[in-house]
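>>> With the sequence up front, the predicted model follows.
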Amino acid sequence: MSQGVAPRNIKGDRRWLVLAFWFAVVAVVAIAGSWVTLPKIPTWYAGLNKPSFTPPNAVFGPAWTILYTMMAVAVWRIGAPSDPARRRAVTLFAVQLAFNAVWSPVFFGLQAPKLGLVVVAGLLVSLAATFIAFWRIDRWAGGLLVPYLAWVCYATSLNAAIVALN
């Protein structure tokens, strides 16, 4: 288990390029999600019946910015997929990120909360597996995913409530 500041299996200044790479990857997912979501908030989403525990719309942007930042740092800490455990962890990260990337186009783009619930459930399961894999390799990396895991649990219940109410 690694406890250092940066991944031990990435040498020298290359580690900062790897961090920049992961920031770019999660930024693409974030930007694509926002591009689909933002136009639908004042129109379609505003017309949905939502549960009482729905946060104000202004909370989502800052929350996701923090979560995406923590995700990039977490996967960076796992380092290069140089052994089977790291390769599996990075693969799981990619799978959960794919579910993350698909949710906004499904929920908002297709205006399909039921299908969105299926996607967010897949995200939750794959994220839980990613958390376990990260935790086993690097507790800091795993810990960085805890707020994201909590948020996805919340998002899943929010999505389910929207399905039930509409």
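Perfect, I can see it now.

>>> what residues are up against the closest residue in space to Thr54 that isn't next to it in sequence?
Excluding the flanking residues, the one nearest Thr54 by CB to CB, 6 or more residues apart in numbering is Leu158, at 6.3 Å. Glycine gets a C-beta too; all of them are placed from N, C-alpha and C. Applying CB atoms under 8 Å, 6 or more residues apart in numbering to Leu158 gives the contacts Lys50, Pro51, Phe53, Thr54.

>>> before we move on, what about Tyr154?
Contacts of Tyr154 (CB under 8 Å, 6+ apart): none.

>>> circling back: tabulate the contacts of Leu158 (TSV), appending pLDDT, neighbour count and secondary structure.
As requested, those are exported to TSV (pLDDT from 0 to 100; neighbours: other CB atoms under 10 Å; DSSP: H, G, I helix; E, B strand; the rest coil):
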residue	pLDDT	neighbour count	secondary structure
Lys50	98	14	coil
Pro51	98	12	coil
Phe53	97	9	coil
Thr54	97	13	coil
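
>>> what would the residues you listed look like in a markdown table with distance to Ile162?
Below are these laid out as a markdown table (distance: CB to CB, whole Å):
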| residue | distance to Ile162 |
| --- | --- |
| Lys50 | 6 |
| Pro51 | 7 |
| Phe53 | 11 |
| Thr54 | 8 |
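
>>> And those, which two are furthest apart?
Lys50 and Phe53 (8.8 Å; CB to CB).

>>> Now the common contact residues for those two.
With CB under 8 Å, 6+ apart as the test, Lys50 and Phe53 both reach Leu158, Ala161.

>>> Spell out which helix or strand contains the residue nearest to Thr54, please.
helix 139-165 (DSSP states H and E).

>>> Could you list the buried residues of that helix?
For helix 139-165, a neighbour-count test (16 or more other CB atoms under 10 Å) marks 140-142, 144-145, 148-149, 151-152, 155-156, 158-162 as buried.
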